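Participant: this one's structure only:
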């Protein structure tokens, strides 16, 4: 026994010098815990006031990936006790038809969250459609009024966009201190990078946003205690970009060719995991990091909405 | 003559080694130019469609400083040809009375901008009152919907808040390139720091926001090609914080004791001008830098609003 234990500890020591040493942030596990917590909350709410949260999803067209997302959202809702509403419209529907369904859900008291699956067909104006969703039911949190309230001190948004909310939740649950830390967000999209930067800023980090016009992005990133990468470029962030011990949240999910995979490709993040995991203190894997958090946060937003509408604490 | 010219050029050479070398950004002059441009635009608009822009100001109470601001705004409006509307309400007015006047101005077609002078008396809810101003007439640009549109890619705000807009205008008029540059904003208030950061970001700078929780703010600031200081702390930014050649926009206006001044105090910025002007490439003085730009931008927003409402290009 003694010799086995000794050889196993020396193996661990060897591996820590030349291979991964960062703690892995297990998004799959955290998302599962959150879904369980949500199921408990929903059961309590149902017992107390007889209300079940409801989420409506509007899908236009028949894109395979959108259908998969919508199906997964529906399954996730059912698993925690959220009632799903679904509208499937043909690709050639008019904007008015979509707006009509939004109006119906806006006034339906059993619906607490409304989600329009993106992308919409090209003949539709995304902005018109997204702005039609009642601000009280905009569980995606993409409405500019929501974003404005997120940016402002002393104001709170109705909903925090799901993916950035998931990033913050991972940092919190892994005990990463944010206040006073340097944070770099790579990418400035309306749905991830920009709101993530606003959230870090609201949590009192010193935030810099790196984007395609940034010169020497590696120099700024190397100053960061916290990095959120959401730019959609496979393996952009190399080991040399990372400050030793930093917390790395990788939002990217990029397919790269892989002849050894049965599908011919595999998914990698915006961060070169192999290099980064040797330098970072904590890191999310891809897949299994931020990915599972997005739907969990959508469920959380829907429950939050139902609680707010029904004044249930 | 030759000897005079030679002695004056050697004086200049001497002064550039041991005293100010930064180019001074003359906000007073730029504001004057802008007011002249606005007067020309207004005259054109009046000739073409018979419309004169109108700005309504609501003042509650009798604070001396607020009265001075409102009087200055009125004078500035008159000088360029904007029609002024003014409501003075007693300190003990109700929120409803203020809201009633806002509603009247919202529906008055001769009013293109509405401004509620802050601070409001303590018994009023600022948020309720500011949110009541029609988004199309919110020339202050403080509405969260406006801020959200400012933050989002692919969206434009109805109005850019006046002081940050003035900062950007000074950078533009002095030929400071923004795209791809490092910018640091010191301070994150809803009315200056935060929207200034969003504007620099929209102009493709790489932006970092420094605030009270930031550790070693001098290190980050020293990386910046552009600094906007809007924190309200006299002489916070020292020469050692500044990258040689950087453009410095100082929004602070802080009174400091000065027994030699007849008033017993003088006004200084957030930047230690004496030190910074030796290192920076361009710098705004205090007073005479950003200060005069705020009212000029308010006039610009009012004209912009009238042009938009009347579809005049």
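Facilitator: Perfect, I can see it now. Predicted, not measured: the structure shown is a model, and the values here were computed from it.
Participant: gap between the residue nearest to residue A:191 when sequence neighbours are not counted and residue B:48?
Facilitator: Closest residue to residue A:191 apart from its sequence neighbours, by CB to CB, 6 or more residues apart in numbering or on different chains: residue A:161 at 6.0 Å. Every C-beta, even on glycine, is put in place using the N, C-alpha and C of the backbone. Here the criterion is CB to CB, to the nearest Å. By it, residue A:161 lies 44 Å from residue B:48.
Participant: And the two? Which one has more around it.
Facilitator: Higher neighbour count among residue A:161 and residue B:48: residue A:161, with 29 against 11, using other CB atoms under 10 Å in any protein chain shown.
Participant: Now for the more buried one: which residues touch it?
Facilitator: Going by CB atoms under 8 Å, 6 or more residues apart in numbering or on different chains, residue A:161 touches A:140, A:141, A:142, A:146, A:191, A:192, A:195.
Participant: Show me the one in those that has more neighbours than the rest.
Facilitator: residue A:195 (31 neighbours).
Participant: which residues touch that residue?
Facilitator: By CB under 8 Å, 6+ apart, the contact set of residue A:195 is A:141, A:147, A:150, A:160, A:161, A:164.
Participant: Chain B versus residue A:310, what's the distance?
Facilitator: Distance of residue A:310 to chain B, computed by CB to the nearest CB, to the nearest Å: 24 Å.
Participant: give the contact list for the nearest residue to that residue once chain neighbours are set aside.
Facilitator: Counting by CB to CB, 6+ apart, residue A:310 lies nearest to residue A:51, which is 5.2 Å off, once chain neighbours are set aside. Contact analysis of residue A:51 by CB under 8 Å, 6+ apart lists A:45, A:306, A:310, A:312.
Participant: Let me know the secondary structure of the second one.
Facilitator: Judged by DSSP: H, G, I helix; E, B strand; the rest coil, the three-state class of residue A:306 is helix.
Participant: Over to the last one?
Facilitator: Here residue A:312 is recorded as coil under three-state DSSP.
Participant: ok, back up a step: and the two most separated of the contacts of residue A:161?
Facilitator: Using CB to CB, the contacts of residue A:161 span at most 14.6 Å, a distance reached by A:146 and A:192.
Participant: How confident is the prediction for the residue nearest to residue A:191, by pLDDT?
Facilitator: Per-residue confidence (pLDDT) for residue A:161: 97.
Participant: one step back: of the contacts of residue A:195, just say which sits nearest to chain B.
Facilitator: Using CB to the nearest CB, residue A:147 is the member of those that lies nearest chain B, at 3.8 Å.
Participant: Chain neighbours aside, what residue packs nearest to that closest one?
Facilitator: The spatially closest residue to residue A:147, leaving aside those adjacent along the chain, is residue B:148, at 3.8 Å (CB to CB, 6+ apart).
Participant: gap between residue A:288 and chain B?
Facilitator: Distance of residue A:288 to chain B, given as CB to the nearest CB: 29 Å.
Participant: Please tell me how far that residue sits from residue A:277.
Facilitator: Counting by CB to CB, the gap from residue A:288 to residue A:277 is 13 Å.
Participant: How about residue A:217?
Facilitator: Using CB to CB, residue A:217 is found at 20 Å from residue A:277.
Participant: Likewise for residue A:250?
Facilitator: To residue A:277, residue A:250 is 10 Å away according to CB to CB.
Participant: what do these two both touch?
Facilitator: Common neighbours of residue A:250 and residue A:277 (CB under 8 Å, 6+ apart) are residue A:283.
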